[in-house]
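**Q** Generate coordinates for the sequence data below:
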Amino acid sequence: SRVMEIKGLQRSRQELLRIYVGTLPAERILDGQIRRGDVVGMDAAIMLCDLRGSTRMAVELDEETFVRVLNRYFDCVVPAVTAQGGEVLKFIGDAVLAIFELPARPGDCSPCDRARAATDAIFAKLREVNETGASPGGPLEVTIALHEGRVAFGNVGSVERQDFTVIGQDVNLVARLGTLAAQL
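**A** Reported below is the predicted structural model:
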């Protein structure tokens, strides 16, 4: 029973880490790769998905209703990303930053193909949600920016607070593309 208890606690810890930081960061943390500055370079498709009209909704809706709207939106985005082998790295307010790594095996779909498939699934799910009834803040609409490039993935931050994330010029580019797409 003690062995089962230990295994149960390990599994709970793994699941909790996965929920809060994502699969790839959780694996790295549990493998002991927790030193600040430990990053690996990788080629990936980078996705930034941003909820349109969220500033207006945050002003017009009470906090509980706004959180329900955000969770409904995240329920459209996160499963679409993970179903295509993507990794949601973080929520930036109402935006979702995700990456799609190069395929593990030759012949698998490219990261861009998987990111585009996730984008199609997000739009389809949003259409479905919007058709089933009016959201308190109105229809859910998003802006999505995609870019394939090189990222540094790993542990960055200060001594007091660190984060597993991606950094680099291609991450900055996708953020600028997201801003441009929102304006257009």
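
**Q** Give the pairing partners of the helix or strand containing E148; include direction for each.
**A** Secondary structure from DSSP states H and E places E148 in strand 142-157. Sheet pairing of strand 142-157 (DSSP bridges) gives strand 39-51 (antiparallel), strand 162-167 (antiparallel).

**Q** out of those strands, deepest packed?
**A** strand 39-51 (a mean of 21; mean count of other Cβ atoms under 10 Å). Where you see a C-beta, it was placed from the backbone N, CA and C, and this is true even at glycine.

**Q** Beyond that strand, next helix or strand please.
**A** Past strand 39-51, the next helix or strand by DSSP H and E is helix 54-60.

**Q** Can you name every helix or strand that the next helix or strand after that following helix contacts?
**A** Scanning forward in sequence from helix 54-60 by DSSP H and E, the next helix or strand is helix 63-83. Judged by 3 or more Cβ pairs under 8 Å, 6 or more residues apart in numbering; DSSP states H and E, helix 63-83 is in contact with strand 39-51, helix 54-60, strand 87-92, strand 95-101, helix 111-132.

**Q** residues in contact with the longest one?
**A** Outside of helix 111-132, the residues that reach it under the criterion Cβ atoms under 8 Å, 6 or more residues apart in numbering are 43-47, 49, 72-73, 76-77, 79-81, 83-86, 98-103, 109, 135, 139-142, 144, 146, 148.

**Q** Rebuild the helices and strands packed on helix 63-83 as CSV, extending it with mean pLDDT and distance to V166.
**A** Below are those laid out as CSV (pLDDT from 0 to 100; distance: least, Cβ to Cβ, whole Å):
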stretch, mean pLDDT, distance to V166
strand 39-51, 93, 7
helix 54-60, 92, 23
strand 87-92, 92, 6
strand 95-101, 94, 6
helix 111-132, 94, 13
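
**Q** Which one, of the ones you listed, ends up nearest to V156?
**A** With Cβ to Cβ as the criterion, V156 lies closest to strand 39-51 of the helices and strands packed on helix 63-83, at 7.0 Å.

**Q** thinking again about what came up before, can I get the strands paired with strand 142-157 in TSV with distance to R28?
**A** TSV is the format used below for the strands paired with strand 142-157 (distance: least, Cβ to Cβ, whole Å):
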stretch	distance to R28
strand 39-51	9
strand 162-167	7
